[in-house]
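1. I would like to see how this sequence folds:
(2 chains)
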Amino acid sequence: MTKHKTVKCLVWDLDNTLWDGVLLEGDDVKPFPHALATLKALDERGILHSVASRNDPEAALAKLREFGLEDYFLYPQIGWQAKSMSLKAIASDINIGVDALAFVDDQPFEREEVAFALPDVLCIDATEVATMLDMPEFTPRFVTEDSRRRRQMYRADQHRKVVEADFEGAQEAFLESLRMRFTIKEATQEDLQRAEELTLRTNQLNTTGYTYSYRELEAVLASDRHLLLTAALEDRYGPYGTIGLALVEKADTSWTIKLLLMSCRVMSRGVGTILISHIKRLARDRGVRLLGEFVPTGRNRQMLITYKFNRFSEVERRGELAVFEADLTTIPPDPRYVHVVTPLRSSNQ
Amino acid sequence: METVKAKVREFLRGYIADHDFADDEDIFASGYANSLFVMQLIYMVEREFGVTVADDDLEFANFQSIDAVAAFITSKTATPVGA
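-> Sure thing, here's the model as predicted:
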């Protein structure tokens, strides 16, 4: 892996960082033009934004609204708590690691407090806001359709969470109310940038942690010994985008799932099983065994559980690598709360 | 044993409202259960009964039915839970 990880979310201080002046001292604050330029350019690149500010929440949010900036910031933390606490809350609400955050503030004290409590956060002086766009940490290799829409998709998530928290009744009924539509298809050229992005960005719901470059994926696409599947989800609140990927290596008598991953944003939607069942049916129809590789990465225990509870059992172990084989005799029906669209099934590939 | 079963049944109801599971019914056979459900079931077992579910315990057989979960918890606890 590269030494510098790409930042997923930039957390802004407000006074003298995003805007010129100190709001509570009565200054007529105005956003710095260079800060606005950076904010919008990073948003275009699919990097999210949030706020950690010691301020009066209502006054500060009213200012952001006045400047037309409120929609840019997910889960803003405005209050009197330590900024390291605010950053932790933001990472947890977005469901990303703290190490995927960057923090910009004009005050050395605040940067040091965050750097001390959360050493994995990239801390940046406000004087660097103008040049930040050139930093490798803020330069994803690709900007895909999904990255450009990322902020909207996270805002929809924020809305879904509120609805879910207020929902009374069984969880299945909530999932049903979302009217989800899950589409599994064979990847095409246009999907490859997003596919590479997913292998790089997805740590938790990833069976092996293998990363594949655009070129490698291109070769996979051209090969008839491989099957590359993408999965996309949408619901009544809008699209989640392409959130799942499976790479299957096809030998004569067995297929091997080399990589299976799902975006953390759909962790609570129960769609991983649907993708697995789909691959199982393809293998069963072809009359081949279905194997799945698993490599523990320290963060992906959920995928071990996913394999085990989707009727995979261990058949081989080589060091860290475990190979599971699927029981293809019983494949459970897909949950009725999701409408599954699989153009592949009809062409029987 | 009965307390364990009651807890598991209560958990299932929070998840799937319109189906009452028999003690020996396969929870996974019907497409009711998904990976999220499994995670929550495991957390519930760890939290409610103070047992640690190790990687080796992540076997289908330990969680397949209400009976299976109860037997698993009993096997993990020195003194049986409940009566």
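2. show me what contacts residue A:275?
-> The neighbourhood of residue A:275, defined by CB atoms under 8 Å, 6 or more residues apart in numbering or on different chains, consists of A:184, A:229, A:231, A:244, A:246, A:260, A:262. C-beta: built from backbone N, CA, C; applies to glycine.
3. which one of the residues you listed has the most neighbours?
-> Neighbour counts for the contacts of residue A:275 peak at residue A:262, which has 27 neighbours (criterion: other CB atoms under 10 Å in any protein chain shown).
4. what's the burial count for the nearest residue to that residue once chain neighbours are set aside?
-> Nearest residue to residue A:262 in three dimensions, chain neighbours excluded: residue A:205, at 4.3 Å (CB to CB, 6 or more residues apart in numbering or on different chains). By other CB under 10 Å, 22 other residues sit near residue A:205.
5. just checking, residue A:205 touches residue A:265?
-> No: with contact defined as CB atoms under 8 Å, residue A:205 does not count as touching residue A:265 (9.8 Å).
6. so what strands line up beside the longest strand belonging to chain A?
-> Longest strand in chain A, counting residues (DSSP state E): strand A:238-250. Here strand A:238-250 is paired, per DSSP bridges, with strand A:226-235 (antiparallel), strand A:254-262 (antiparallel).
7. I'd like the contacts of residue A:275 written out as CSV, with pLDDT added.
-> Conversion of the contacts of residue A:275 to CSV gives the following (pLDDT from 0 to 100):
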residue, pLDDT
A:184, 97
A:229, 97
A:231, 96
A:244, 95
A:246, 97
A:260, 96
A:262, 93
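8. and of those, the nearest to residue B:14?
-> Distances from the contacts of residue A:275 to residue B:14 were compared by CB to CB; the smallest belongs to residue A:262, at 23.3 Å.
9. Relative to residue A:289, how far out is that closest one?
-> The spacing between residue A:262 and residue A:289, counted by CB to CB, to the nearest Å, is 23 Å.
10. list the contacts for residue B:8?
-> Remark: with contacts taken as CB under 8 Å, 6+ apart, residue B:8 is in contact with B:66, B:69, B:70.
11. how near is residue A:19 to chain B?
-> With distances taken as CB to the nearest CB, to the nearest Å, residue A:19 is found 41 Å from chain B.
12. quick one: the helix or strand hosting residue A:315 to strand A:254-262, angle?
-> Element membership of residue A:315, judged by DSSP states H and E, is strand A:312-318. Comparing the axes of strand A:312-318 and strand A:254-262 via axes from the mean of the first three to the mean of the last three CA atoms, to 10 degrees yields an angle of 100 degrees.
13. Please identify the residues of the stretch 151-300 of chain A in proximity to chain B?
-> Proximity of the stretch 151-300 of chain A to chain B, by CB under 8 Å from any CB of the partner chain, involves residues A:169, A:170, A:171, A:172, A:173, A:267, A:268, A:269, A:270, A:271, A:272, A:273.
14. Would you mind checking which of those residues is nearest to residue A:162?
-> Taking these together and measuring to residue A:162 by CB to CB, the closest member is residue A:268, at 14.2 Å.
15. quick one, which of the strands paired with strand A:238-250 is packed in tightest?
-> Using mean count of other CB atoms under 10 Å in any protein chain shown, the stretch among the strands paired with strand A:238-250 with the largest mean neighbour count is strand A:254-262, at a mean of 23.
16. quick one: buried residues of whatever helix or strand comes next after that strand?
-> Secondary structure here is assigned by DSSP H and E; on that basis, the next helix or strand after strand A:254-262 toward the C-terminus is helix A:272-286. Applying a neighbour-count criterion of 16 or more other CB atoms under 10 Å in any protein chain shown, the buried positions in helix A:272-286 are A:272, A:273, A:274, A:275, A:276, A:277, A:278, A:279, A:280, A:281, A:282, A:283.
17. right, and residue B:28 touches residue A:332 too?
-> Yes: between residue B:28 and residue A:332 a contact is recorded at 6.4 Å, counting by CB under 8 Å.
18. what about the closest residue to chain B within the stretch 51-200 of chain A, neighbour count?
-> Of the residues in the stretch 51-200 of chain A, the one nearest chain B is residue A:170, at a distance of 3.6 Å by CB to the nearest CB. A total of 17 residues lie near residue A:170 under the criterion other CB under 10 Å.
19. In contact with it: list those residues for me.
-> Taking CB under 8 Å, 6+ apart as the contact definition, residue A:170 lies against B:13, B:14, B:15, B:16, B:17, B:18.
20. No more questions from me, cheers.
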